[in-house]
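Novice: my questions concern the predicted model and sequence given below.
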Amino acid sequence: MTNRPQVLRTVTALRRAMAPYRKAGQSKSGFGIALVPTMGALHAGHLKLVAEAKKRARRVVVSIFVNPTQFAPTEDFGSYPRTFETDMKALTALKVDAVWAPTAAEMYPEGFATRVAPEGAALAGLEDKFRPHFFGGVATVVTKLFTQVSPDFAMFGQKDYQQLRVVTQMAKDLDLPLKVIGIPTVREKDGLALSSRNVYLSDAERAVAPTLHRVLKASAQRIKRGEPIEMVMEEGASDIRHAGFALDYLEARHALSLKPIASVKDGPIRLLVAAKIGKTRLIDNLGV
Ligand code: AMP
């Protein structure tokens, strides 16, 4: 119990708690504050972000906030897994300093009327095409988290690759004084990317879920060998559908701009996929 992170529920309490952290972070032995934004239901992927944060910064703050504005009314905001006490145990074991867990009313008080509207990678025609609410919601809440905590580093997973590109560009465009750090995806042994939504999968769905990573890996190898990208993507899409998925997209894009890409020489290339198995929507991606 002794090392349980302090739990902060209001912006006022957060600010008060951050002031000494900032001082400690400026000391010789420290290098500032790292923020790990999450929606809770923590798994080993989130904990990897925390471990990387601990390597870089003297103080680590994890935010846990299921952000209503990035869910469409038809999506799983209400049923999204919430496991606060279990999350706290994991964060205590990792010696996290503070957990920033505001209510929705604290984050979006009565009269809230401002949104951050990202463009560029946020309009690439990938997640944004299927979740038009998503990046506006993410950009607005992440901007608020950044100004609330004022971290020196912010850790994001490559698992949500388009989000990582959007947040990186946003921090640059808005001159936010912090470094966004992307962390490689943590996977199950069979290749399935860890996700809080994997708990929704039935045994049968769980058995076919690694198809996404398998297709990404095989496609990356084929593209590297010089096979035409379009053909590789078409065959990959067909494999995913045959496994029982409803495919939203499987695309080869420029790894930084996320613009469509026709040839390896215009790379670096990132392959990105999103597909539904039963009621669960999974996303994944891989560099070529
Ligand atoms: P979420 O709670 O799903 O919003 O995720 C919080 C952060 O954890 C995001 O930056 C995600 O990209 C990252 N994350 C989620 N799953 C993984 C994973 N399997 N490996 C690494 N990072 C992840």
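Specialist: Looks like it arrived, so ask away.
Novice: and the residue in the stretch 51-200 of the chain that the ligand sits nearest to, bridged to which residues?
Specialist: Relative to the ligand, the nearest point of the stretch 51-200 of the chain is residue 157 (2.4 Å; Cβ to the nearest ligand atom). The way it works is simple: take the backbone N, C-alpha and C, and place the C-beta from them, glycine included. When bridges are called by DSSP bridges, residue 157 pairs up with residue 183.
Novice: ok, it touching residue 180?
Specialist: No. Between residue 157 and residue 180 there is no contact under Cβ atoms under 8 Å: 11.5 Å.
Novice: now for these two: what residues contact both?
Specialist: Jointly contacting residue 157 and residue 180 under the rule Cβ atoms under 8 Å, 6 or more residues apart in numbering are residue 164.
Novice: how is this protein partitioned into domains?
Specialist: Per automatic domain parsing, the domain ranges recorded for the chain read 6-183, 196-287.
Novice: redo these as JSON lines? Include mean neighbour count and mean pLDDT.
Specialist: Shown next, in JSON lines, are the domains of the chain (neighbours: other Cβ atoms under 10 Å; pLDDT from 0 to 100):
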{"stretch": "domain 6-183", "mean neighbour count": "18", "mean pLDDT": "94"}
{"stretch": "domain 196-287", "mean neighbour count": "18", "mean pLDDT": "96"}
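Novice: turn those domains into TSV, including distance to residue 189.
Specialist: Listed next are the domains of the chain as TSV, based on distance: least, Cβ to Cβ, whole Å:
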stretch	distance to residue 189
domain 6-183	12
domain 196-287	9
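Novice: need the residues of the stretch 1-150 of the chain near the ligand, please.
Specialist: Taking Cβ under 6 Å from any ligand atom as the contact definition, the stretch 1-150 of the chain meets the ligand at 38, 39, 45, 46, 48, 49.
Novice: residue 149: which of those is nearest?
Specialist: Ranked by distance to residue 149 (Cβ to Cβ), those are led by residue 38 at 12.9 Å.
Novice: these two touch, right, that closest one and residue 66?
Specialist: No. Look at residue 38 against residue 66 with Cβ under 8 Å: they stay out of range, at 9.5 Å.
Novice: quick one on the thing from earlier: what sits against the residue of the stretch 51-200 of the chain closest to the ligand?
Specialist: 45, 46, 49, 164, 182, 183, 185, 186.
Novice: just the element for the first one, please.
Specialist: Read it as residue 45. helix 44-56 (DSSP states H and E).
Novice: can you name the element that comes right after that helix?
Specialist: Downstream of helix 44-56, the first helix or strand assigned by DSSP H and E is strand 59-64.
Novice: just checking: what are the partner strands of that next one?
Specialist: Sheet pairing for strand 59-64, assigned by DSSP bridges, gives strand 33-38 (parallel), strand 98-100 (parallel).
Novice: among those, which comes closest to residue 192?
Specialist: Of all the strands paired with strand 59-64, it is strand 33-38 that lies closest to residue 192, at 19.2 Å by Cβ to Cβ.
Novice: quick one: contacts of the closest one?
Specialist: Under the criterion Cβ under 8 Å, 6+ apart, residues 18, 21-22, 25, 46, 49-50, 53-54, 56-65, 142, 145-146, 149-156, 178 lie in contact with strand 33-38.
Novice: one more pass at 7 Å, please.
Specialist: The contact list for strand 33-38, computed with Cβ atoms under 7 Å, 6 or more residues apart in numbering, reads 21-22, 25, 46, 49-50, 53, 56-57, 59-64, 142, 145, 149, 151-155.
Novice: please state the offset of that strand from the chain centre?
Specialist: Computed by Cα atoms, centre = their mean, to the nearest Å, the chain-centroid distance of strand 33-38 equals 12 Å.
Novice: same question, stretch 85-96
Specialist: The answer for stretch 85-96 is 19 Å, by Cα atoms, centre = their mean.
Novice: and the strands in the chain?
Specialist: Counting by DSSP state E, the segments of the chain that form strands are 6-8, 33-38, 59-64, 98-100, 153-157, 179-183, 246-254, 269-277, 280-287.
Novice: the residue lying closest to residue 84 once chain neighbours are set aside: what's it in contact with?
Specialist: Among residues not flanking residue 84 along the chain, residue 40 sits closest, at 6.4 Å (Cβ to Cβ, 6 or more residues apart in numbering). With contact taken as Cβ under 7 Å, 6+ apart, residue 40 is in contact with 64, 66, 82, 83, 84, 87.
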